[in-house]
Every structure is written in structure tokens, then in C-alpha cells.
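Trainee: Sequence below, structure please.
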Amino acid sequence: MNFFSNNFGTPCNVEFELDNCQNRKSIEVTQDKGKTEKLFVFIGNEPVSGKVSINIKEKTKKIEHTGIRVEFVGQIELFYDRGNHYEFTSLVRELAPPGELTENKTFSYDFSNVEKQYESYNGTNVRLRYFVRLTIGRSFASNIVKEYDIWVINFVNPPESNSNIKMEVGIEDCLHIEFEYNKSKYHLKDVIIGKIYFLLVRIKIKYMEIALIKRESTGSGPNVFNESETLTKFEIMDGAPVRGESIPVRLFLSVFDLTPTYRSVHNKFSVKYFLNLALVDEDDKKYFKQQEITLWRRGVTKHGLLGSSNSNNTSNNNNNNNNNTYTPQQKVSQTEVPDPENNSSDESD
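Mentor: Numbering: from 1, shown residues only. As a prediction, the model looks like this:
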């Protein structure tokens, strides 16, 4: 597939073509000014290779240049600091020495051993992107620069330890509740299961609700900017509870556009998720408790999902945990490539 990016006034058109993309999954990502762009999905350290074609426009006789090169770049952009881009990965391939372009030219490129340790991310105040950049150097005019983005995700093995969350909160002599969630770490297609127990109730509660909150933190030190977004909020109880009553909680994560939890990505940003439990009394006073949960991206192996409980595949999965195979094929949401299982059941990994 050919993808074209052109700026008015340049003496040539540039077309990028990636290898082996006929059956590769793609996603639609919203860029600046609401523009939607279709990007191919790459898993972990998959090689990035292809061709780039330079097509000279009809009215251009030749292009004198000081060299042509192609780069693979991993870059973090903070929206409040647009003048500075932070490159954490950069590989360069020289395509042509100084000279002249008098006819259309196609070059091949191959970045086989490039590390892509972070996932692509398009947030409220920060963007992490990977792209191939072609540069045609010129002495007496500005360089011709074209960029072509890809989208990177990373699968991980199930966490070795995944204890449940159990906490007691309340107001002395007025309210005492205990809430419990079945685990503290969830994959992106998981189901959060929990219960809330009322041990002491001496205030008149009107309703109770639970919310899933995403918090994006950018910057460092005193210059940290926090942006919180409530992804969902729903009522789980209506009316006054009595002592000894328990309220079940069941939240399906697969319906939300989620990323894994990111902690201090290149010391520039973090993304965390929280469950917020709130009670409202008859005087509209709100009592709440917030608990962080960890999200991770479940991988795919030759025999299914990493951590699958299918006994027929247990030994094979164990042997393939470090050799994940995955072939992107269809368009998906921005942040999660669906796994082969159609059900997003509450099986534990």
C-alpha cells in the first residue's frame, strides 16, 4: 500500500511503502486539528522495512541535493512544550551521496534491529510516536522532509503476583464499609469483580456509584501536569443499605478505549488508572475512596493467549511466552488490538 504526504511547493512527491502489510492490522488515530490517520500496527521489536519513492514533478528538471537519508525515530512530544521533541530512538540509513535527481527514484530501507521499548500513545497532553523520516538535504533551499508514522504495541507476560485488593474505610461511629476486588492487575479485556460490605451504617445513604478514572501526568519535579478523565461512572446502589448487606461490582474493561498502565515513560509522562467508589447521603455530602489498579496488555501466542487456562495448551504456552507471534489484520480502536478470543470473560491470567 502506498501512502503519500505532500507539502505545497516541494519539487517532488514522496510515497512510502511498508513491506508485508497486506494482512497487517491498522488503527485510526486522531492527530492534530481532528485529522484522522490510518496507521499500521507493529508488535514489539518487529523489523520495519519497505521502499520510499521520490517522484519529481513535471515542471522540475532536477533536484540538487547534499545527500538523501532515511531515519527511524521514536519521539515524545509534550503539547505544552511544542518547541522541544525528545527522541529516545534514532537509526539512520544513508540512501544516496550528494548529487542530482533527474528522474524518479525508489530506495529500499530496512530497520531490523531497532528497539521499540515503549508503546505508541496519543494522549491529552503528550504523544509518543514512531515514524520513518526521509530527508533530502539541499544547500540553497530548505531540506525536503517527509514522515510516515506507524503504531507500536507491546505484549507482556501475565504478572507473577496478582493479589486481591481489600480495604476498610469509613467515618468513626457513623459509617464503616469494606470493599474487595478480585485482583489488583487486569489485562485490557478483563472483568473487574468485587464486593462492597456494609459493616456499620448510621447515616442515610441516598446512592452509591463507582467510576473508572484515567490520570495522565506529564513533566517532572515541580512542573508536573495532571489530567484526569472519567471513562465511566455508574450507580451500583440506590437507597439506604443495612448493616451486613453486600453489593456486587462487575465492570467489563473491553468496552473502553484503554492503554496499559505507563509509569515514568522516559521520565516524561505516566498513565495510571483508578477505581473511585463514592457514596452520597441525603444531604448530598459525598464520601469517596480511590484505589489504583494496574492494566497490562495480554499477549498472543501460537496457541492462543498468554496465560490461557486451556489445559491442552498449557505446556505450549509456557514454551512460547518469549516468542509471541502476532499478525495484525483488521482495523481496531486506537489503543487495543483485540485478541483472538471473542469473549472478554473474567478468566484469570
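Trainee: so where's the chain shaky on pLDDT?
Mentor: For the chain, the stretches flagged by pLDDT under 70 are 1-8, 300-349.
Trainee: residue contacts, Ile293?
Mentor: Residues in contact with Ile293 (C-beta atoms under 8 Å, 6 or more residues apart in numbering) are Ile165, Tyr181, Ser184, Lys185, Tyr186, Ile192, Tyr273, Phe274, Leu275. To be clear about C-beta, it is placed using only N, CA and C from the backbone, and glycine gets the same treatment.
Trainee: quick one: Thr230 and Leu212 touch, right?
Mentor: Yes: judged on C-beta atoms under 8 Å, Thr230 makes contact with Leu212 at a distance of 7.4 Å.
Trainee: Give me the more crowded residue out of these two.
Mentor: Leu212 (20 against 11; other C-beta atoms under 10 Å).
Trainee: What is the burial count for Asn143?
Mentor: Other residues lying near Asn143 total 12 when counted by other C-beta under 10 Å.
Trainee: My error: substitute Val70 in the last question.
Mentor: Applying other C-beta under 10 Å, we find 23 residues neighbouring Val70.
Trainee: so how far is Ile144 from it?
Mentor: 12 Å (C-beta to C-beta, to the nearest Å).
Trainee: Identify the contacts common to the two.
Mentor: Leu134, Thr135.
Trainee: Apart from its chain neighbours, what residue comes closest to Lys204?
Mentor: Sequence neighbours aside, Glu282 is the residue nearest to Lys204 in space, at 4.6 Å (criterion: C-beta to C-beta, 6 or more residues apart in numbering).
Trainee: The one you found against Lys206, yeah?
Mentor: Yes: the criterion here is C-beta under 8 Å, and Glu282 meets it with Lys206 at 5.4 Å.
Trainee: any residues in contact with both of the two?
Mentor: Common neighbours of Glu282 and Lys206, counting by C-beta under 8 Å, 6+ apart, are absent.
Trainee: out of these two, which sits in the more crowded spot?
Mentor: Lys206 (15 against 10).
Trainee: Helix or strand next in line after the helix or strand hosting the more buried one, which one?
Mentor: For Lys206, the host element (DSSP states H and E) is strand 205-218. Downstream of strand 205-218, the first helix or strand assigned by DSSP H and E is strand 225-238.
Trainee: in that next one, what's buried?
Mentor: Within strand 225-238, the residues that count as buried by 16 or more other C-beta atoms under 10 Å are Ile236, Met237.
Trainee: Now do the helix or strand just after that strand: everything it contacts.
Mentor: With elements assigned by DSSP H and E, the helix or strand that comes after strand 225-238 is strand 246-252. Defining contact as C-beta under 8 Å, 6+ apart, one finds that strand 246-252 is touched by 179, 181, 191-198, 208, 210, 212, 232, 236-237, 241, 275, 344.
Trainee: So what are the sheet partners of strand 246-252 and their directions?
Mentor: If you go by DSSP bridges, strand 246-252 pairs up with strand 191-201 (antiparallel).
Trainee: quick one: the strand it pairs with to chain centroid distance?
Mentor: Remark: strand 191-201 is offset 31 Å from the chain centroid, using C-alpha atoms, centre = their mean, to the nearest Å.
Trainee: cool, and stretch 211-226?
Mentor: Computed by C-alpha atoms, centre = their mean, the separation of stretch 211-226 from the middle of its chain amounts to 16 Å.
Trainee: quick one: buried residues of it?
Mentor: Going by neighbour count (16+ other C-beta under 10 Å), the buried part of stretch 211-226 is Ala211, Leu212, Ile213, Lys214, Glu216, Ser217, Thr218, Gly219.
Trainee: Looking at those, which is nearest Arg297?
Mentor: Lys214 (15.4 Å; C-beta to C-beta).
Trainee: The closest one pairs with what?
Mentor: Glu229, Tyr273.
Trainee: before we move on, back to that, what subset of the contacts of strand 246-252 is buried?
Mentor: For those, buried by 16+ other C-beta under 10 Å: 179, 181, 191-194, 196-198, 208, 210, 212, 236-237, 241, 275, 344.
Trainee: What is the burial count for Gly244?
Mentor: Gly244 has 10 neighbours, counted by other C-beta under 10 Å.
Trainee: Name the secondary structure element that contains the spatially closest residue to Ala96 that is not a sequence neighbour.
Mentor: Closest residue in space to Ala96, ignoring its immediate chain neighbours: Ile68 at 4.1 Å, by C-beta to C-beta, 6+ apart. Using DSSP H and E, the secondary-structure element containing Ile68 is strand 67-78.
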